[in-house]
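> what follows is a predicted protein model with its sequence.
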Number of protein chains: 2
Amino acid sequence: MLNEAINLDSSPGAGGEPERRVRDRGATERAILAAAKGLLAEEGFQNFGINAVARRAGCDKQLIYRYYGGLDGLVEAIGADLGTWVRDRIPEDAGGMFLLTYGDLMERLALLLLDALRNDPLMRRILAWEVSENTEQVRRLSEARSKALALWLDRMRGSLAPPKGVDAAAVNAVVIAAIQHLVLAGSAGGQCAGLSLKTSKDWEKAATALKRLVRGVYG
Amino acid sequence: MLNEAINLDSSPGAGGEPERRVRDRGATERAILAAAKGLLAEEGFQNFGINAVARRAGCDKQLIYRYYGGLDGLVEAIGADLGTWVRDRIPEDAGGMFLLTYGDLMERLALLLLDALRNDPLMRRILAWEVSENTEQVRRLSEARSKALALWLDRMRGSLAPPKGVDAAAVNAVVIAAIQHLVLAGSAGGQCAGLSLKTSKDWEKAATALKRLVRGVYG
DNA sequence: CCCGCTATTCACCGATTGGTGACAGCGGGG
DNA sequence: CCCCGCTGTCACCAATCGGTGAATAGCGGG
């Protein structure tokens, strides 16, 4: 039989390379989720599908249907997983620290967010997905990401109140928009509006400009 | 024969709905290009392919290969077509007008770009495509769009020099990044970083914040 | 008038997609 | 002990994709 030959190859006596998988639903579920996240982070949402995930997870796609109820459920699981993003990126000494003014705070937050996004391919891919499609899938994921971001900002902001006379919510949204697009454009094309975004020197320039803009509003 | 029945349906005597197409290569080429631009603008780059374009253009995909050398050439043609974008969006009384300061100019430019992008679905889709993929196709298109934008800015800016002491190129890039992401996020999800971007009132808020940021830097 | 050139369509290819039903094999509870 | 259930695999489906070679249909010049 063909099966015999295969079993022979993967028998303990042989190289043992295939590492016969044990029956463990939990582990398989974790492997699938990890495969999905890794695939999305590395390849983007373009070729993100049942087949690709199953291939990367090394299991049959049927299991994705069984354990997650299809791609939708899997995407939802990724979204739920974004909650950990906040936990992982809040320094112990969070909150107001010794930042006195709202301007100090927002400048710091902007730079932190810039770096955080630059080092988080999964978040970037999700962000790009959000602005490219408007399916229910993406909407759910978008909501999870948005919520995680809001929570992060809340935790980091502490209880410092914004100055009066400025629509801080709108200004901050515009600043965040700038950060997100800079990271996306830089990551995808290496530049934005003629500004190169490759070397760390390039990014310093962008960061400086960003600081100037924030400082210009919040002093 | 089946053909007979079909011919009967589309014969001059009938409704004439199919509108028998005349043999005209030029017209067909234009129809294909228009179909491609329309499809990209309306459906996005996700399902943008040879088959879809041919279906929309109402001709065989073979013609796309013959006349444009495949999707790549067609995309290139779209890129070349972006040159008209500049022509169409430069007011007769372009240039410095009666804007005295660099701040006046940049504020006006920012708001104009915001509106221009909000009303240009094709440009938005291309923008979203740029930050989502990094294939040769997209790179070419991106370059064309980038060039068009730079040209537009040049024409509008006139010969007004930026103030010393600020990295105007970097600051402007960040501002443009903000505008582009606001438009993308608003168009796709109706919000950005908690700021709703649906009603014209919402957009006024965003525009005000944008103005404040520009003014904060350029005075 | 007819013939040739060219615009256009048709028919097919292999690959890949999302999705489903049937089967295999191990393991624990009766 | 055997049998049922759960985990995992395989084979197959229709649809669509990009791509190509050959056949068809109509206009224009001789």
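Alright, I've got the coordinates. Residues are numbered from 1 along each chain as shown, chains lettered A, B, ... in the order given.
> which residue does chain A have closest to DNA strand C?
Ranked by Cβ to the nearest atom of the strand, the top residue of chain A for proximity to DNA strand C is A:G49, at 1.9 Å. Where C-beta positions appear, they are placed from N, C-alpha and C, glycine not excepted.
> count the neighbours of the nearest residue to that residue once chain neighbours are set aside for me.
Leaving out its chain neighbours, the residue that sits closest to A:G49 by Cβ to Cβ, 6 or more residues apart in numbering or on different chains is A:L71, at 6.9 Å. For A:L71, the neighbour count with other Cβ atoms under 10 Å in any protein chain shown is 17.
> from memory A:R157 sits against A:L109, does it?
Yes: the pair A:R157 and A:L109 passes the contact test of Cβ atoms under 8 Å, sitting 7.1 Å apart.
> look up the pLDDT of the nearest residue to A:E130 once chain neighbours are set aside for me, please.
Spatially, and ignoring its direct neighbours in sequence, A:E130 is nearest to A:S142 (4.6 Å; Cβ to Cβ, 6+ apart). As predicted, A:S142 sits at a pLDDT of 96.
> what's around A:S142, how many residues?
22.
> before we move on, what about the one 3 residues further on?
In terms of burial, A:R145 registers 20 neighbours under the definition other Cβ under 10 Å.
> could you export the helix or strand hosting it as CSV, CA atoms only?
Secondary structure from DSSP states H and E places A:R145 in helix A:136-157. These are the backbone C-alpha positions of helix A:136-157, laid out as CSV (Å, rounded to 0.1, in the frame of the first residue of the first chain):
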residue,chain,number,x,y,z
GLU,A,136,-18.6,42.5,6.9
GLN,A,137,-15.5,40.6,7.6
VAL,A,138,-13.3,43.6,7.4
ARG,A,139,-15.8,45.7,9.3
ARG,A,140,-15.6,43.4,12.2
LEU,A,141,-11.9,43.3,12.2
SER,A,142,-11.7,47.0,11.8
GLU,A,143,-13.9,47.5,14.8
ALA,A,144,-11.6,45.2,16.9
ARG,A,145,-8.5,47.1,15.8
SER,A,146,-10.2,50.5,16.4
LYS,A,147,-11.2,49.4,19.9
ALA,A,148,-7.7,48.2,20.7
LEU,A,149,-6.2,51.5,19.5
ALA,A,150,-8.7,53.5,21.5
LEU,A,151,-8.0,51.5,24.6
TRP,A,152,-4.3,51.9,24.2
LEU,A,153,-4.7,55.7,23.8
ASP,A,154,-6.9,55.8,26.8
ARG,A,155,-4.4,53.9,29.0
MET,A,156,-1.5,56.0,27.8
ARG,A,157,-3.3,59.3,28.0
